[in-house]
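K.L.:
Sequence first, predicted coordinates after that:
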Amino acid sequence: MAEAQTHVFRVSLSPKVYRDFEILSAKNLYDLGSAIVRVFGFDFDHGFGFYSKLSGRIFDSPVKYELFADMGESEARSVEQTQIVEAFPTVGAKMTFLYDYGDNWQFRTEVIGQNRKEPAVRYPRLLKAIGEAPEQYPGTDDE
């Protein structure tokens with residue numbers, strides 16, 4: 001039986017605001033989306049997708065995975081039925097993670113390493129946090 005592997009991602013909102021974290025490769029893209037949102041301190045309460053285009057009209061991406069596909073509302077591939085290792089097979093693989101179609105948060109998502117799963121380590125685990133994450137809902141008052 002093969003050892004469980006991990007993917008190390010660098011997820012960036014800008015060159016000066018990014019997070020490096022490690023997650024089990026066999027998890028699905030839904031789990032990856034959740035991890036991305038959480039390492040930036042956002043609430044995980046909106047639709048999202050992964051798109052192969054890194055700029056421009058990302059909805060025209062030849063490869064796309066969307067939460068809406070799991071609801072039968074999209075021709076894209078499923079985030080719940082696709083493992084991370086399938087969508088990001090090699091170091092250097094990149095996609096745009098679009099979170100919250102209304103606010104249009106676009107995170108550049110790149111595999112920067114692959115490792116063996118370590119015993120007694122909880123994944124996903126944050127490895128590095130550079131820059132202050134923006135507010136998910138700027139301009140709203142907490143009452």
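P.N.:
That came through fine.
K.L.:
So what's the residue count around the closest residue to residue 81 other than its chain neighbours?
P.N.:
Here the nearest residue to residue 81 in space, its sequence neighbours aside, is residue 28; by C-beta to C-beta, 6 or more residues apart in numbering that works out to 6.9 Å. Backbone N, C-alpha and C define where each C-beta goes, glycine included. Summarising burial for residue 28: neighbours were counted as other C-beta atoms under 10 Å, giving 19.
K.L.:
Specify the beta-bridge partners of residue 28.
P.N.:
Assessed by DSSP bridges, residue 28 has beta-bridge partners residue 83.
K.L.:
Tell me which other helices or strands the longest strand along the chain touches.
P.N.:
Using DSSP state E to define each element, the chain has its longest strand at strand 105-116. If contacts are counted by 3 or more C-beta pairs under 8 Å, 6 or more residues apart in numbering; DSSP states H and E, strand 105-116 sits against strand 5-14, strand 17-24, helix 29-39, strand 94-99.
K.L.:
Give me the buried stretch members for stretch 83-102, please.
P.N.:
Within stretch 83-102, the residues that count as buried by 16 or more other C-beta atoms under 10 Å are 84-85, 87-88, 93, 95-100.
K.L.:
Next, format these as a markdown table and append distance to residue 72 and pLDDT.
P.N.:
Listed next are the buried residues of stretch 83-102 as a markdown table, based on distance: C-beta to C-beta, whole Å; pLDDT from 0 to 100:
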| residue | distance to residue 72 | pLDDT |
| --- | --- | --- |
| 84 | 23 | 97 |
| 85 | 25 | 96 |
| 87 | 20 | 97 |
| 88 | 25 | 97 |
| 93 | 27 | 97 |
| 95 | 23 | 98 |
| 96 | 23 | 98 |
| 97 | 22 | 98 |
| 98 | 20 | 97 |
| 99 | 21 | 97 |
| 100 | 21 | 95 |
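K.L.:
farthest-separated two in the residues you listed?
P.N.:
Spatial extent of those (C-beta to C-beta) is set by the pair 85 and 100 at 25.9 Å.
K.L.:
What's the per-residue pLDDT of residue 140 here?
P.N.:
Turning to residue 140, the model gives it a pLDDT of 62.
K.L.:
residues in contact with the residue nearest in space to the middle of the chain?
P.N.:
The residue lying closest to the centre of the chain (C-alpha atoms, centre = their mean) is residue 33, at 4.1 Å. Going by C-beta atoms under 8 Å, 6 or more residues apart in numbering, residue 33 touches 44, 48, 50, 67, 79, 97, 99.
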